[in-house]
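1. Got a sequence here, can you model it:
(one chain, ligands or ions: 1)
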Amino acid sequence: MPRDTTDTLGLGEVVSNESLANLLREERKFAPPAALAANANVTAAAYEQAEADRLGFWAEQARRLTWATEPTETLDWSNPPFAKWFADGRLNVAYNCVDRHVEAGNGDRVAIHFEGEPGDSRAITYAELKDEVSRAANALTELGVGKGDRVAVYLPMIPEAAVAMLACARIGATHSVVFGGFSADAIATRIQDADAKVVITADGGYRRGKPSALKPAVDDAVSRIESVEHVLVVRRTGEDTAWTEGRDVWWHEITGRQSAEHTPEAFEAEQPLFILYTSGTTGKPKGILHTSGGYLTQAAYTHHAVFDLKPETDVYWCTADVGWVTGHSYIVYGPLANGATQVMYEGTPDTPHQGRFWEIVQKYGVTILYTAPTAIRTFMKWGDDIPAKFDLSSLRVLGSVGEPINPEAWMWYRKHIGADTCPIVDTWWQTETGAMMISPLPGVTATKPGSAQRALPGIAATVVDDEANEVPDGGGGYLVLTEPWPSMLRTIWGDDQRFLDTYWSRFEGKYFAGDGAKKDEDGDVWLLGRVDDVMLVSGHNISTTEVESALVSHPSVAEAAVVGAADETTGQAIVAFVILRGSATASDELVAELRNHVGATLGPIAKPKRVLPVAELPKTRSGKIMRRLLRDVAENRELGDVTTLTDSSVMDLITTQLPSAP
Ligand code: WT7
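-> Next up is the predicted model:
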C-alpha cells in the first residue's frame, strides 16, 4: 500500500508499511469454545441486524432498561456533534440498577461481594443495596443536594463508592468521581471545575497492608474552595481524622437516621449522570460529560454481550477502580443494570501475597474476569507458578482493557489464567466513548492475540489516512468513529468549543479517537497506541507498541517501555527501557541479544539504539506508562512534572541506575 510519510497532521504518521507488515505476521487464531457459542447471549445475527437498521437496533437495546416513559425517538442528530439519544424517554438510573431487580424477585441475590484488603468481607444483596442507596439519597436531599447539583466523590474501593454514585443518580445529581490516589491539587481543580456542592470521602482506605488517609487531601482541597457546603465522611479505617464542625458529616450518622424508603423520580434521558475527568498529559483536565438513557443502554448492552453475562450463575469481577471510567461502566452501571453478582476488591494485587487475585477468583468462584494488560504483564513477571497454586477452573471469559495488549501477554493470560480455553475479549473504548466500542464477542469471534478486532453491533468504526480516506484492508492510519453511539460523551463540561476542537475538527463529521490503528487482511482492527506514541526513525514510523511487544516476546523480558529520543542522524532513535524477568541478569551480552531480537522480529529499522534494563517503569495511577518522562531520561533532560506518577521515586531509581547517554 503506497503511502506518503510526510507528517501533515503534525502528529507523526501512525504506522509505516514495514511495521504494518510485521504486526500482520500474527497468525494465531482461537475459535470460541463450542459450549459457550451454543449458549451465547449474542450471536453473529446481531451484526446483521444492526447493519440493516442501526437505530432500530439501539431502540431495541434501550428496552433492556425500565423506562417511566418509553422513548419514541431514538437519535436526535439535528445539531451534530451534540447528540440526544432517547430524548423523550424518562427513567431513573438507580431504579434500573437496583430496585427493579428487587421487584423482579431477586432481592436476595448478592449484588456485591466486597473483599477488603485486610481480609474483611461483606456480601450485599440487591435488597440491601436498595436500602443503602435509598438512605444515602435521603441523606443527600437533607444536605440540600437536588437535581442538577454536582457531587464530588473521593473514596477507596468500598461499596459506599457505588452507593454514593447511585444515590446521586437517584436524585438527579451529577457525580464527579475523583480517583482516590489523586492529590489535593487534582481534587481542588476538579471540584472547582464542576462547582461541586458536596464532597463524599472516607477517613481512608487500605493500601499495601496499611491504612492510608484520604480526608486530609479533601480538607486541603476544600479549604481553597467556596462552593463546597458539606463533606460527607465514610468511616473505613477508624483512624483519627481532623473535623470541621458544621461542614463535616459522618456518613454512618446521617444515613443511619434516614428512612430506607425513597421514591425514585424519573428524569429525562439526557439528564447529566456524571462528569469524569480524563487524565490528559497536557493542559487542564477535560471533564467528560455523560448522560443517562443512552449511556446506561450501551453500558448494559455491552456488558451483556461482550461478557456473555448470565446473571443467575455468573460471578463477575472487574479489577478496575471506580475512579476510572471502567469502574463507572463495568463495576457500577453495566453490571448492576444487568442484575449481576460481582466481586469488588479494595486493594493491591500483591497484598498480602502475589497470589491475592487468584485467591479471590478461587474464593468466590469468579467466572468472568476483566483486567488490564499492565496487570497481566505484572503477573507474568511474578511467575507462572503463582496462579498455578489456585483453582481457577470457574473462569470462562477473560477481558482486557486500557491499552493494546501485547500478543505474548495475551497468550500468557489465555494459558495461565484461562486454562487455554477461555475466550479473551480485548475491549477498546475510552472515557469519552462511555462504553465498549471495539471488541470480540466471546461466542462468535475467532480471537487473534493482540487485536480488538471488530466494532460491536451498532457501532461504526474505521481507520482513515491523513486525508480522511478509509484505508483498505492491510492499511494503517487513525481510528475514527463514523456514526454517533448512545453512550458518547455529550460535551466537555463547560467547554463546548474544546469538545469540537478535540474530537470533531480533525476529520469532518467523524469522531477522532487519537489512537493509531491498522486493519489486517480480514478487516480486523489492531490498536497501535496513542498517535503521539509513534516514533519517526529515519523517516519510518514505528509504533512504540510494536517494539514493546517484540521485547516482551523475549524470554528474559517482563515489561518494556519504548520511546523515540531526538537523534542527529536518524531524527529519532529508539530507546527501550526493560524490566527483566527474575531469572535474567543485566549484561552487555543480554542487551545485544535484545537489540538483535527486536531486529530479527520487526526488521533492522526497529532495532533499538539503546536498551536500558531498569527496576521499575514510571506509570500513572491508571497504569499507563509515562513515556514523556522516559523521553526526558533518554534525551538527558531535566525531568518534567512527575506529580501524576503512582510513585515518583521510580524516576530517581531509573536515573541513578543508568549510564549516561553515549
Ligand atoms: C485510551 C483511553 C477504556 C477504559 C480505560 C481507559 C487506550 C483502551 C484499549 C484496548 C488498545 C486501548 C486507547 C484509548 N485503550 N482500551 N483494548 N486496546 N488501546 O480509558 O483513560 O479514557 O483511555 O486507552 O489509547 O484511546 P481512558
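
2. what's the longest helix in the protein?
-> In the chain, taking DSSP state H as the definition, the longest helix is helix 126-142.

3. For that one, name the packing helices and strands.
-> strand 110-115, helix 159-171, helix 251-256 (3 or more Cβ pairs under 8 Å, 6 or more residues apart in numbering; DSSP states H and E). Every C-beta, even on glycine, is put in place using the N, C-alpha and C of the backbone.

4. one more time with 6 Å, if that's ok
-> If contacts are counted by 3 or more Cβ pairs under 6 Å, 6 or more residues apart in numbering; DSSP states H and E, helix 126-142 sits against helix 159-171, helix 251-256.

5. just the helices in the stretch 501-650 of the chain please.
-> For the stretch 501-650 of the chain, the helices defined by DSSP state H, counting those that start in this stretch cover 544-552, 588-602, 627-634, 649-657.

6. Return the most buried member of those.
-> helix 544-552 (a mean of 26; mean count of other Cβ atoms under 10 Å).

7. how about the residues of the protein that lie near the ligand?
-> 278, 324-326, 401-404, 426-431, 452, 513-515, 527, 530, 622 (Cβ under 6 Å from any ligand atom).

8. For Met626, the count of nearby residues, please.
-> With neighbours defined by other Cβ atoms under 10 Å, the count for Met626 comes to 22.

9. what do you get for the one 10 residues further on?
-> Neighbour count of Asn636, defined by other Cβ under 10 Å: 11.

10. cool, Gly339 as well?
-> Gly339, neighbours per other Cβ under 10 Å, totals 20.

11. Equivalent analysis for Thr255, please.
-> Thr255: 26 neighbours (other Cβ under 10 Å).

12. Quick check: the gap between it and Ile331.
-> Distance, Thr255 to Ile331, using Cβ to Cβ, to the nearest Å: 21 Å.

13. Check Thr341 too.
-> Thr341 is 13 Å from Ile331, by Cβ to Cβ.

14. quick one: which of the two has more around it?
-> Ile331 (28 against 24).

15. Kindly compare burial across the helices and strands packed on helix 126-142 and name the winner.
-> helix 159-171 (a mean of 27).

16. what's in contact with that helix?
-> When contacts are defined by Cβ atoms under 6 Å, 6 or more residues apart in numbering, helix 159-171 is touched by residues 93-94, 97, 112, 114, 124, 132-133, 136-137, 140, 151, 153, 155, 175, 200, 234, 264, 322, 332.

17. if I look at Ile574, how far off is Leu612?
-> 11 Å.

18. Which of the two has more residues huddled nearby?
-> Shown here are Ile574 and Leu612; by other Cβ under 10 Å, Ile574 has more neighbours (25 against 20).

19. nearest residue to the more buried one other than its sequence neighbours?
-> Pro608 (4.2 Å; Cβ to Cβ, 6 or more residues apart in numbering).

20. try Lys84
-> Asp76 (4.0 Å).

21. What is the neighbour count of that neighbour?
-> 16.

22. now swap in Phe86 and tell me
-> 30.

23. show me the contacts for it.
-> 62, 71, 269, 293.

24. By neighbour count, which of these wins?
-> The contacts of Phe86, ranked by neighbours (other Cβ under 10 Å): first place Gly293, 29 neighbours.

25. so how far is Pro80 from that residue?
-> Gly293 is 19 Å from Pro80, by Cβ to Cβ.

26. confidence score at the closest residue to the ligand within the stretch 551-662 of the chain?
-> In the stretch 551-662 of the chain, the residue that lies nearest the ligand is Ser622 (5.6 Å; Cβ to the nearest ligand atom). Note on Ser622: pLDDT of 71.

27. what separates it from Pro472, distance-wise?
-> Applying Cβ to Cβ to Ser622 and Pro472 gives a distance of 34 Å.

28. Between these two, which is the more surrounded one?
-> Legend: neighbour count by other Cβ under 10 Å for Ser622 and Pro472, higher for Ser622 (22 against 11).

29. tilt between the longest helix of the chain and helix 159-171?
-> Counting by axes from the mean of the first three to the mean of the last three Cα atoms, to 10 degrees, helix 126-142 points 60 degrees away from the direction of helix 159-171.

30. and the helix or strand just after helix 126-142, what other elements does it pack with?
-> Downstream of helix 126-142, the first helix or strand assigned by DSSP states H and E is strand 150-154. The contact analysis (3+ Cβ pairs under 6 Å, 6+ apart) places strand 150-154 against strand 174-177, strand 198-202.

31. mind running it again at 7 Å?
-> helix 159-171, strand 174-177, helix 184-194, strand 198-202 (3 or more Cβ pairs under 7 Å, 6 or more residues apart in numbering; DSSP states H and E).

32. what pLDDT, on average, does it get?
-> On average, strand 150-154 scores 98.

33. Mean pLDDT for the helices and strands packed on strand 150-154 - can I get that in JSON lines?
-> Shown next, in JSON lines, are these (pLDDT from 0 to 100):
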{"stretch": "helix 159-171", "mean pLDDT": "98"}
{"stretch": "strand 174-177", "mean pLDDT": "98"}
{"stretch": "helix 184-194", "mean pLDDT": "91"}
{"stretch": "strand 198-202", "mean pLDDT": "98"}
